[in-house]
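Colleague: give me the fold of what follows.
(chains A and B)
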Amino acid sequence: MSDTERRDDEQAQRSAERVRTGVRPEESSPTKLDDNARAELREIVARYPEPRSALLPMLHLVQSYEGHVTPAGIEMCAQILDITEAEVAAVATFYTMYKRRPVGEYHVGVCTNTLCAIMGGDRIFEDLSEHLGIGHDETTEDGKVSLERVECNAACDFAPVMVVNWEFVDNQTPESAVELVDRLRAGEQVTSTRGPRICTWRQAERVLAGFPDDLATEGPQAGPASLVGRTLAEERGWTAPEGGQRAIEGRGEAK
Amino acid sequence: MTEPTVDAPGGREPITLTPVLTQRWDQPDSFTRRAYEKAGGYKALRMALQRKPEDIIEAVKDSGLRGRGGAGFPTGMKWSFIPKDSPKPTYLVVNADESEPGTCKDIPLMMADPHVLLEGVIITSYAIGAKTAFIYVRGEVLHVFRRMQNAVAEAYEAGYLGTNILDSGVDIDVVVHAGAGAYICGEETALLDSLEGRRGQPRLKPPFPAVAGLYASPTVINNVETIASVPSIVERGADWFRTMGTEKSPGFGIFSLSGHVTNPGQYEAPLGITLRELLDMAGGVRAGHELKFWTPGGSSTPMLTADHLDVPLDFEGMAGVGSLLGTRALQIFDDTTCVVRATGRWVEFYKHESCGKCTPCREGFWWMVQIFDRLEKGDGTEADLDKLLDMSDNIAGRSFCALADGGVAPVVSSIQYFRDEYIAHFENQGCPFDPAASTLFAPESQQEAGVRA
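Modeller: Purely as a prediction, here's the structure:
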């Protein structure tokens, strides 16, 4: 391929990408945003000193009703906040958690940032992608599972890490990951390795909009890796100094 | 008490772990108000409300507490920048948007002990005169968001929040706010724009948030761990805090070890501890392998090597070897890891997360990804390395925020320490490493795990 051809090819790929992720969301099924949704969106606005601060949680709520950010959702947010649809769309297209197409009932993220990728995340993603027959940002035909390469999810001590509907599934292997998605597709109840029973993606979006479910106290207080230092200190009798104790001489690094 | 088994550098006393923030994490119900109160929680709040706000700011100044989100700015000084005579309300915003690659301390803290953060939020709000505080939690950690929200609801029930808290005449409200996926929102001014319902793009400073922050009002923004350290300082005193750490980097911090280490996890210790000491506690580098490179505080802090095992992990020690303490996110990579692959993936991350506002960052990382792709495939040349360094010069310091500086950190440092390995890629016409060997489920690691079991 000549340089010119390569450039043309890249340009074509880039414009295809723009169409795919473009500002204007795809047309979708009739809106589920009813009067109840409108009332809840207004409830979010009431939490903030200035209305526009509500936009991020409002878009989470739109997703919980609609399954993604729809034109109707953008319109309703714009109306309530008295800003333009373009202003809402500009926000909706900035953040990766807002989806312009429907995602699966279970949205599966595989961390492929450097540390997780090296510890096995790349292989896990490849195997899942092949097993499910879908790539990054795609959903299985039955609408059950969608797949995404996610950036660092702040669980590096549990690498390789996956998330299902933003709940942690720690210390994965290619085999455990495939088993996990099979169970999700079969409709089995799956529990986070460091959290509660995993709810649907739409329910998760509702919680992020600030409408709590009753799962806060489910699951452990901490995962095993979170406790290794705490446990070691206990075993070795290491504690922080007592309150009010004078500075220990020579403790500071001599420079 | 068991003494550590490795020598401390410079003849100083060995440093041991000092659980303060992680102290309660082993209690199964540690996230409930009842458990927190049983362990002495909310006592510091009662003490604080007996004192004048300016006394609390003084105590935090005296403690020498420096921001735990990476930059290390003195916390008490930041608070004292809030103007006393502003006609606008003052806000406290907690940056709980933990997303720096390698950083994983605030998430377990909020999961296990959300009330210590909340008590810190209430005390800080009182100290700076804020009636409303926001906790901006990244959206991709659903259960952490639940735990934080639940803690706030429990605190309202107990009268720690709302109007006239604990009969003090003080009113404080807290809103827990979910982000929606954007690394850049960890940058404080981008976070403010995001919290105002906009795209998360950094603002030019000055004005600093203390003068014109949220809604152009005086605003203090602090990291989770910073605010969570406040109750212990109020309760036990600035002198106590200074019994840990070094003169310029006092106190304790959570050190997060991840990657090719036998026992990855959270280790809370005084600042100034070394990686050699921490690795010893964590059972060393993965069996049968050597330390190759590591980050002291996330991917935005220049990588270091085995030559730096004895450098104190404090702000001064890390600056002295050309790196940064950052968030104490110690990502450990052993000799199976390809540094070109690792760096290339980080560059992809910065490309993906660049907000697009500044041209050098938006365009620079995009082109760097193209170069890394061909380097990793063995199609690069030495001129590419010079080009990467030249581009780094033109990205760092030429953009609004630190994302640009952070993104070039792994590029410049990896070429500094591993230029030969880059060259080996094009001499070898491809990557000389087997990616399978560095995974946790490599046959070799599984055999070792079997032996251990």
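Colleague: okay, now residue 194: neighbour count?
Modeller: I went with chain A, as the question did not name one. 25 (other Cβ atoms under 10 Å in any protein chain shown). Quick note: C-beta positions are derived from backbone N, CA and C, even for glycine.
Colleague: that answer is for a different chain, and I need it for chain B
Modeller: 27.
Colleague: for residue B:366, phi and psi?
Modeller: phi -60, psi -50 (degrees, to the nearest 10).
Colleague: that one and residue A:66, how far apart?
Modeller: 32 Å (Cβ to Cβ, to the nearest Å).
Colleague: looking at those two, which one has more neighbours?
Modeller: residue A:66 (23 against 15).
Colleague: right, and the more buried one touches residue A:73 too?
Modeller: Yes: counting by Cβ atoms under 8 Å, residue A:66 touches residue A:73, with 5.5 Å between them.
Colleague: what sits in contact with each of the two?
Modeller: Overlap of the contact sets of residue A:66 and residue A:73 (by Cβ atoms under 8 Å, 6 or more residues apart in numbering or on different chains) consists of A:31, A:33.
Colleague: residue B:302 and chain A, how far apart?
Modeller: Going from residue B:302 to chain A by Cβ to the nearest Cβ, to the nearest Å gives 14 Å.
Colleague: contacts only, for that residue.
Modeller: B:322, B:323, B:324, B:409, B:410, B:412, B:413, B:416.
Colleague: number of residues surrounding the third one?
Modeller: Looking back up the chat, that one is residue B:324. 22.
Colleague: find the residue closest to it in space, skipping its chain neighbours.
Modeller: Excluding its sequence neighbours, the residue lying closest to residue B:324 (Cβ to Cβ, 6 or more residues apart in numbering or on different chains) is residue B:301, at 4.2 Å.
Colleague: helix/strand/coil for that neighbour?
Modeller: Classification of residue B:301 by DSSP: H, G, I helix; E, B strand; the rest coil places it in coil.
Colleague: what are the phi and psi angles of it?
Modeller: Per degrees, to the nearest 10, the backbone of residue B:301 is at phi -100, psi 130.
Colleague: what's near enough to touch it?
Modeller: Shown in contact with residue B:301 (Cβ under 8 Å, 6+ apart): B:295, B:318, B:323, B:324, B:325, B:326, B:406, B:409.
Colleague: can you list contacts of the helix or strand hosting the second one?
Modeller: I take that to be residue B:318. Residue B:318 belongs to helix B:315-320 when assigned by DSSP states H and E. When contacts are defined by Cβ under 8 Å, 6+ apart, helix B:315-320 is touched by residues A:253, A:255, B:66, B:72, B:246, B:248-249, B:271-272, B:296-297, B:301, B:311, B:324-326.
Colleague: ok, residue B:423 to chain A distance?
Modeller: For residue B:423, the distance to chain A equals 21 Å [Cβ to the nearest Cβ].
Colleague: the residue nearest to that residue when sequence neighbours are not counted and residue B:272, how far apart?
Modeller: Of all residues not flanking residue B:423 in the chain, residue B:382 sits nearest, at 6.7 Å (Cβ to Cβ, 6+ apart). Between residue B:382 and residue B:272 the distance is 40 Å, computed by Cβ to Cβ.
Colleague: comparing the two, which residue is more hemmed in?
Modeller: Using other Cβ under 10 Å, the more surrounded residue of residue B:382 and residue B:272 is residue B:272, with 28 against 11.
Colleague: and that one, that one's in a strand?
Modeller: No: assessed with three-state DSSP, residue B:272 is coil; it does not lie in a strand.
Colleague: do the helix or strand containing residue A:228 and chain B meet?
Modeller: Assigned by DSSP H and E, residue A:228 falls within helix A:228-236. Yes: using Cβ under 8 Å from any Cβ of the partner chain, helix A:228-236 reaches chain B at A:228, A:229, A:230, A:231, A:232, A:233, A:234, A:235, A:236.
Colleague: what's the closest of those to residue B:78?
Modeller: Using Cβ to Cβ, residue A:229 comes nearest to residue B:78 of those, at 28.1 Å.
Colleague: burial of that closest one, as a residue count?
Modeller: Neighbour tally, residue A:229, other Cβ under 10 Å: 28.
Colleague: quick one: pLDDT of residue B:443?
Modeller: What the model reports as pLDDT for residue B:443 is 74.
Colleague: now the end-to-end length of stretch B:198-210.
Modeller: 20 Å (Cα to Cα, to the nearest Å).
Colleague: does any bit of that stretch sit next to chain A?
Modeller: Yes: legend: contact between stretch B:198-210 and chain A by Cβ under 8 Å from any Cβ is shown at B:198, B:199, B:200.
Colleague: and which of the residues you listed is nearest to chain A?
Modeller: Nearest to chain A among the residues of stretch B:198-210 next to chain A: residue B:199, at 4.1 Å, using Cβ to the nearest Cβ.
Colleague: which residues does that closest one contact?
Modeller: A:90, A:91, A:94, B:193, B:355.
Colleague: sec struct for the last one, please.
Modeller: Classification of residue B:355 using three-state DSSP returns coil.
Colleague: how far away is it from chain A?
Modeller: Counting by Cβ to the nearest Cβ - residue B:355 and chain A are separated by 8 Å.
Colleague: and that residue, how many neighbours?
Modeller: 23.
Colleague: which of the three states applies to the residue lying closest to residue B:135 once chain neighbours are set aside?
Modeller: Excluding its sequence neighbours, the residue lying closest to residue B:135 (Cβ to Cβ, 6+ apart) is residue B:94, at 4.5 Å. Using three-state DSSP, the structure places residue B:94 in strand.
Colleague: strands along chain B, start to end?
Modeller: Counting by DSSP state E, chain B has these strands, from start to end: B:90-96, B:130-137, B:173-178, B:219-223, B:252-259, B:265-270, B:291-295, B:329-334.
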